[in-house]
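A.B. asks: Generate coordinates for the sequence data below:
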Amino acid sequence: LGLAVGVSLDFLATRVSYELDLKGPAMTVQTGCSTGLVALHLATQSLLAGECDMAIAGGVSIRLPQLAPYRYQEGDIVSPDGWCRPFDVKAGGTVASNGVAAVVLKRLDDAVADRNPIRALVLGTALNNDGSGKTGFTAPSVDGQVSVIADAQAVAGVAPGDVSYVEAHGTATALGDPIEVAALRQVFQGVAPGVCGLGSVKSNVGHLGAAAGLVGVIKT
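C.D. replies: Numbers count the residues shown, from 1 in each chain. This is a model prediction of the structure:
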């Protein structure tokens, strides 16, 4: 029983809280590739609601064995040559990798008062789900992407023209990347070309699954 509890994903957040004596909300989130970013959103909401004064949002993806071959099939999500090239003319698929990511969050006034090193300011976050309107169960719809990006910008009080860089999901797949670009085109329509960069950390470290979104935040 002790081993089962120790390795169970269900107890990851509460185990960290136990070891670090954290008394605020502790929950394990699992939403696939968006897990780390959903955790970030929930952490910011807890801070704004006064449920805690500091929050740790994290994501982890460790596959065993860590080095394993795969059989490439045309049209599948995995890369034919072991390289992940998001938004590139040579893009052919993604590469699974292992990693852990975590960020510590506090309300800005508290961080300033405590003289904490501040690496970034989260202006706003948003969540949604496009239900049955998805392109496929494993791929979002353009409309759903447009809606959540616009919602996040509205919450943050940021206009499209104020954004100088977008860190995208960018898996280098023939299905996913065009959906992201199509959605961004709609949200950023009217903005002068060349003023906003687009990238994905997966070109550097591969697809980190549940940790993927937070690694992108840390990179940015």
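A.B. asks: Which residue ranges of this structure form helices?
C.D. replies: 2-7, 12-20, 35-48, 108-113, 142-156, 176-187, 202-205, 212-219 (DSSP state H).
A.B. asks: least reliable of these going by mean pLDDT?
C.D. replies: Per-stretch mean pLDDT for those is lowest at helix 2-7 (a mean of 77).
A.B. asks: Mind giving me the packing neighbours of it?
C.D. replies: Here helix 2-7 touches no other helix or strand, going by 3 or more C-beta pairs under 8 Å, 6 or more residues apart in numbering; DSSP states H and E. Where you see a C-beta, it was placed from the backbone N, CA and C, and this is true even at glycine.
A.B. asks: Any chance you could list what contacts that helix?
C.D. replies: Helix 2-7 has contacts (C-beta atoms under 8 Å, 6 or more residues apart in numbering) with 11, 15.
A.B. asks: so Ala139 makes contact with Asp177?
C.D. replies: No: with contact defined as C-beta atoms under 8 Å, Ala139 does not reach Asp177; the gap is 10.4 Å.
A.B. asks: higher neighbour count, those two?
C.D. replies: Using other C-beta atoms under 10 Å, the more surrounded residue of Ala139 and Asp177 is Asp177, with 20 against 13.
A.B. asks: Excluding chain neighbours, what is closest to that one?
C.D. replies: Phe87 (5.7 Å; C-beta to C-beta, 6 or more residues apart in numbering).
A.B. asks: Please name the nearest non-neighbouring residue to Ile40.
C.D. replies: Quick fix: residue 40 reads Leu, not Ile. Ala57 (4.4 Å).
A.B. asks: mind checking how far the one you found is from Ala156?
C.D. replies: Per C-beta to C-beta, to the nearest Å, Ala57 is found 17 Å from Ala156.
A.B. asks: Between the two, which is the more surrounded one?
C.D. replies: Per other C-beta under 10 Å, whichever of Ala57 and Ala156 has more neighbours is Ala57, with 25 against 16.
A.B. asks: Quickly list what the residue nearest to Leu40 is bridged to.
C.D. replies: Val103 (DSSP bridges).
A.B. asks: Contacts only, for it.
C.D. replies: Shown in contact with Ala57 (C-beta under 8 Å, 6+ apart): 36, 39-40, 42-43, 102-103, 105, 214.
A.B. asks: tally of neighbours for the spatially closest residue to Gly82 that is not a sequence neighbour?
C.D. replies: Nearest residue to Gly82, sequence neighbours excluded (C-beta to C-beta, 6+ apart): Val95, at 6.1 Å. When counting by other C-beta under 10 Å, one arrives at 20 neighbours for Val95.
A.B. asks: chain center to stretch 159-167: distance?
C.D. replies: Chain-centre distance of stretch 159-167: 17 Å, with C-alpha atoms, centre = their mean, to the nearest Å.
A.B. asks: mean confidence score for that stretch?
C.D. replies: Mean pLDDT, stretch 159-167: 96.
A.B. asks: Give me the distance between the two termini of it.
C.D. replies: 16 Å (C-alpha to C-alpha, to the nearest Å).
A.B. asks: Identify the residues contacting the residue nearest to Gly82.
C.D. replies: Neighbouring residues of Val95 by C-beta under 8 Å, 6+ apart: 78-79, 82-84, 202, 206-207.
A.B. asks: buried subset of these?
C.D. replies: Neighbour counting by 16 or more other C-beta atoms under 10 Å classes 78-79, 83-84, 202, 206-207 among the contacts of Val95 as buried.
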